[in-house]
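S.K.: compute the structure for the input listed below.
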Amino acid sequence: MKVSKGSVSSSTYASASSAYGKGARAGRATAPGDSVEVSASGSLFQSAVNAVRDVPDVRAEAISGIQQEFAEGTYHRDEREVAQKVVEDQISSGF
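M.R.: As a prediction, the model looks like this:
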């Protein structure tokens, strides 16, 4: 017997899929007693993802002054001070 798309009615498919426990698909109504719970860690993770998404990639106010110094040719930093801060940051973060 050959089965084609048109040979199976939607009501036959619905009753067969319901009998095999596949009736609840996305976009369809669920039984009145069905529910979904999200764990606390899942909720916390989603909150963190949303918070990171809302933070801009670049802090414009932090770099605007540096950009102006570059443009004027007045940007100078003490190499030793920069190196010291890098080392301190690495030590405090535990490498």
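
S.K.: residue 34 and residue 56, how far apart?
M.R.: 40 Å (CB to CB, to the nearest Å). In short, each C-beta sits where N, CA and C put it, glycine included.

S.K.: I meant to write residue 83 there.
M.R.: For residue 83, the distance to residue 56 - CB to CB - is 28 Å.

S.K.: same check on residue 38?
M.R.: From residue 38 to residue 56 the distance is 28 Å (CB to CB).

S.K.: of these two, who's got more company?
M.R.: Using other CB atoms under 10 Å, the more surrounded residue of residue 38 and residue 56 is residue 38, with 10 against 6.

S.K.: what about that one, is that helix, strand or coil?
M.R.: Three-state assignment for residue 38 (DSSP: H, G, I helix; E, B strand; the rest coil): coil.

S.K.: what do you get for residue 34?
M.R.: Under three-state DSSP, the three-state class of residue 34 is coil.

S.K.: so what does it have for phi and psi?
M.R.: phi -70, psi 150 (degrees, to the nearest 10).

S.K.: from residue 46, how far off is it?
M.R.: 21 Å.

S.K.: looking at these two, which has the bigger crowd around it?
M.R.: It is residue 46, of residue 34 and residue 46, that has more neighbours when counted by other CB under 10 Å, with 11 against 8.

S.K.: any idea which element the more buried one lies in?
M.R.: Using DSSP states H and E, residue 46 falls within helix 40-54.

S.K.: ramachandran angles for residue 36?
M.R.: Per degrees, to the nearest 10, the backbone of residue 36 is at phi -130, psi 140.

S.K.: can you count the residues close to it?
M.R.: Residues near residue 36, counting by other CB under 10 Å: 5.

S.K.: got a list of what it touches?
M.R.: By CB atoms under 8 Å, 6 or more residues apart in numbering, no residues touch residue 36.

S.K.: that one and residue 81: what is the separation?
M.R.: 54 Å.

S.K.: low-confidence stretches in this structure?
M.R.: 1-31, 95 (pLDDT under 70).

S.K.: which stretches in it count as helices?
M.R.: Applying DSSP state H to the chain gives helices spanning 10-19, 40-54, 60-72, 79-93.
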